[in-house]
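Undergrad: below: sequence and its predicted model.
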Amino acid sequence: MSAPDVTVVIPTRDRWPLLSRTALRSALGQQHVEHEVVVVDDGSLDGTAERLDQLADPRLRVVRHDRSLGVSRARNAGIAAARGAWVAFLDDDDLWAPDKLRIQLDAARESGSEFVYAGAVWVDDELRFLYGHEPPDPLTLAQAVLRWNVVWGGCSNVLARTELVRGLGGFDEDLSQLGDWDLWIRLALCARAARVDDVLVGLVVHGRSMLLVDRRDVFAEFERLRAKHRTAAERLGGGPDHVLFARWVAAGHARAGRRGAAARAYLRGTWHPGNVARAAGAVVGPSAMRAGSRLLAHMPWRQADRPSAVEPAWLEAYR
């Protein structure tokens, strides 16, 4: 069998219902591209291994860890196993447009770029559209991604040359929730990027997302990220935004019903007036929080954070 154009890397652990419903279906359903799918089973105990063994698709390969080594090590194991000239990452709970890989490959090759990303939308667990973001400008990507992870879609968006990713050392195995942000920074600092304006990625918001179930202090990862890229941030005039990061962490705690943790996370984002208001809202309840959000939405520093809502037609095929 000849080498495929693209290797899709999907890490998973104990989430067969999500994997089978979304990511695996998306990856194996890609059209007009020669590709393989490498699922890295990171120590699953829910029967994922047995179910994967029952799938008779020659494009599917499985790498198994006897015990969980963490999501970054799982992704790196998939990169090591990749036979494609390009590698694409897909989280086990996310969705792709059926021509995602084909469109991104064409965009990368036409522009001479070494990695490419696209527009993304968020959907609920019934796959109903919530909101979306346009992809950032490649010309200013390095500065933008140093401030915030503007490659929307987490680890389900980027297609990159496999040897480039390997040369960068893959994912930082000391980072879990911020491993994708770190890799995008390193890619943006050393390689040419291309963007696809079309929405090709769907992120599913549900109760088992890592931000909700992982109780480790993600602020420690943030500090590692900030220290790691301090030199580049100083050279380009900015670094990871502590205020925005605190809001992201707090939003996860709030969705999980951890009001106190949400309030503390907001306040760890420094005494920014918006975060103080959000902290108070997190304590007193969702109705006050919604009122505060409506007020704060009109402040100038919020305007740049507003998403653009675009629902792709391909979502309907998954419902």
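TA: That came in fine, so what should we check first? Residues are numbered from 1 along each chain as shown.

Undergrad: in this protein, which spans are strands?
TA: Taking DSSP state E as the criterion, the chain carries its strands at 6-12, 35-42, 60-65, 86-89, 95-96, 115-123, 129-133, 159-161, 193-204.

Undergrad: for those, give me a markdown table that also has mean pLDDT.
TA: Formatted as a markdown table, the strands of the chain follow (pLDDT from 0 to 100):
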| stretch | mean pLDDT |
| --- | --- |
| strand 6-12 | 98 |
| strand 35-42 | 98 |
| strand 60-65 | 98 |
| strand 86-89 | 98 |
| strand 95-96 | 97 |
| strand 115-123 | 96 |
| strand 129-133 | 93 |
| strand 159-161 | 98 |
| strand 193-204 | 96 |
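
Undergrad: between those strands, which one is nearest to V71?
TA: Closest of the strands of the chain to V71 is strand 6-12, at 5.3 Å (criterion: C-beta to C-beta). For glycine as for every other residue, the C-beta is placed from the backbone atoms N, C-alpha and C.

Undergrad: mind listing what's buried along the biggest helix by length in the chain?
TA: In the chain, with assignment by DSSP state H, the single longest helix is helix 242-255. Applying a neighbour-count criterion of 16 or more other C-beta atoms under 10 Å, the buried positions in helix 242-255 are 242-254.

Undergrad: got the domain ranges for this structure?
TA: The chain breaks down by automatic domain parsing into domains covering 6-211, 241-319.

Undergrad: for R226, find the nearest of those domains.
TA: domain 241-319 (8.1 Å).

Undergrad: and that closest one, how far apart are its ends?
TA: 36 Å (C-alpha to C-alpha, to the nearest Å).

Undergrad: can you tell me the closest non-neighbouring residue to H35?
TA: V6 (4.2 Å; C-beta to C-beta, 6 or more residues apart in numbering).

Undergrad: any low-confidence regions in the stretch 201-319 of the chain?
TA: Residues of the stretch 201-319 of the chain that meet the criterion pLDDT under 70 lie in 207-215, 253, 256, 258, 261, 265-266, 268-309.

Undergrad: surely the residue nearest to H35 and V37 touch.
TA: No - with contacts counted by C-beta atoms under 8 Å, V6 stays clear of V37, the gap being 9.5 Å.

Undergrad: what number of residues lie near the closest residue to L130 other than its chain neighbours?
TA: Spatial nearest neighbour of L130, excluding adjacent residues (C-beta to C-beta, 6+ apart): W122 at 4.4 Å. Counted with other C-beta atoms under 10 Å, residues neighbouring W122 total 17.
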